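Asks: could you work out the structure for the sequence below:
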Amino acid sequence: MAICLSEFPPSDLASFLRLCDGEWLTVRSRFQLQEGRDDDAHPNPPTGAELEASAGPASQGPFGGDDHGPTAPEPQEQWHDSTRGSLLVVYLEPGEPHEPGALQVTPPELDNRAGTPQRLHFKAGGGFERQDQAGKALSHGTWQLWSDGSLELTQTGTDTVVRERIWFTKPNLRLRSSVERGRDGHPARASFSSEIRRVSRPAP
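Replies: Coordinates of the predicted model:
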């Protein structure tokens, strides 16, 4: 994908989504901020988009779709873990000229299982819908593009609120942070991802 530096940082959602298109090498750190959490109250998809209709938002954010299940409480000295993998993001042109478009996100492989793609359909009015491969709605949320060029996605479930923020420091370097909080405001889990775009070398 050709990156137009004159549009960096992106000033509107469509430009931001287009800049996300590509294959990303992602390194993610996860943090368990609350011990003894009831995982049954916060269901998560086993492979990204395989989310039950009754489940709430993926605990580590809608954008990456890379949380592969609940994190069990661990001893204090093991509360942090880091993973790396390849995240594929494809920009999909909108069906209507006034809409910003959609993203198809394929999470990294986990335990030799390929990630299951899911789609994020964005609306010009500030909302988005997360869908599985068959087009079934998994969850809904809202988006906001801040003046500093960062995109914030918010999903509210029965018991949790997940906020994910995505921003670019360079056209080929993207950062993501995600925080899950209970309805009482207490933080439960968080993650931070540093992502570098895989760029093909030009032909000689």
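Asks: hmm, Leu145 is touching Ser15, no?
Replies: No: here Leu145 lies out of contact with Ser15, judged by Cβ atoms under 8 Å, at a distance of 9.5 Å. Bear in mind the C-beta positions are built from the backbone N, C-alpha and C, glycine included.
Asks: run a quick neighbour tally on Gln155.
Replies: By the other Cβ atoms under 10 Å criterion, the neighbourhood of Gln155 contains 22 residues.
Asks: buried residues in the helix or strand hosting it?
Replies: Counting by DSSP states H and E, the element that carries Gln155 is strand 151-156. Buried residues in strand 151-156, defined by neighbour count with 16 or more other Cβ atoms under 10 Å: Leu151, Leu153, Thr154, Gln155, Thr156.
Asks: shouldn't the fourth one be in contact with Gly141?
Replies: Yes: taking contact to mean Cβ under 8 Å, the distance of 3.9 Å between Gln155 and Gly141 places them in contact.
Asks: so what strands line up beside the one helix or strand Leu175 maps to?
Replies: When secondary structure is defined using DSSP H and E, the element that contains Leu175 is strand 173-182. The strands beside strand 173-182 in its sheet (DSSP bridges) come out as strand 160-170 (antiparallel), strand 187-197 (antiparallel).
Asks: buried sites along the last one?
Replies: Which is strand 187-197. Those buried within strand 187-197 under the rule 16+ other Cβ under 10 Å are Ala188, Arg189, Ala190, Ser191, Ser193, Ser194, Glu195, Arg197.
Asks: stretch 19-33 now?
Replies: Of the residues in stretch 19-33, those with enough neighbours to count as buried (16+ other Cβ under 10 Å) are Leu19, Cys20, Asp21, Gly22, Glu23, Trp24, Thr26, Arg28, Arg30, Gln32.
Asks: same check on stretch 108-127?
Replies: Judged by neighbour count using 16+ other Cβ under 10 Å, the buried positions of stretch 108-127 are Pro108, Leu110, Gly115, Thr116, Pro117, Gln118, Arg119, Leu120, His121, Phe122, Lys123.
Asks: run the chain-centre distance for that stretch.
Replies: Computed by Cα atoms, centre = their mean, to the nearest Å, the chain-centroid distance of stretch 108-127 equals 7 Å.
Asks: quick one: low-confidence ranges for the protein?
Replies: Along the chain, segments meeting pLDDT under 70 span 1-6, 34-80, 110-111, 202-204.
Asks: residues touching the longest strand anywhere in the chain, excluding its own?
Replies: Ranked by residue count and defined by DSSP state E, the top strand of the chain is strand 80-92. Identification of contacts with strand 80-92 by Cβ atoms under 8 Å, 6 or more residues apart in numbering yields 17-18, 20-31, 64, 66, 101-110, 119, 195, 198.
Asks: picking that back up, any chance of the buried residues of stretch 108-127 in CSV, plus distance to Ser86?
Replies: Putting the buried residues of stretch 108-127 into CSV (distance: Cβ to Cβ, whole Å) gives the following:
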residue, distance to Ser86
Pro108, 6
Leu110, 12
Gly115, 9
Thr116, 14
Pro117, 13
Gln118, 16
Arg119, 18
Leu120, 18
His121, 23
Phe122, 23
Lys123, 29
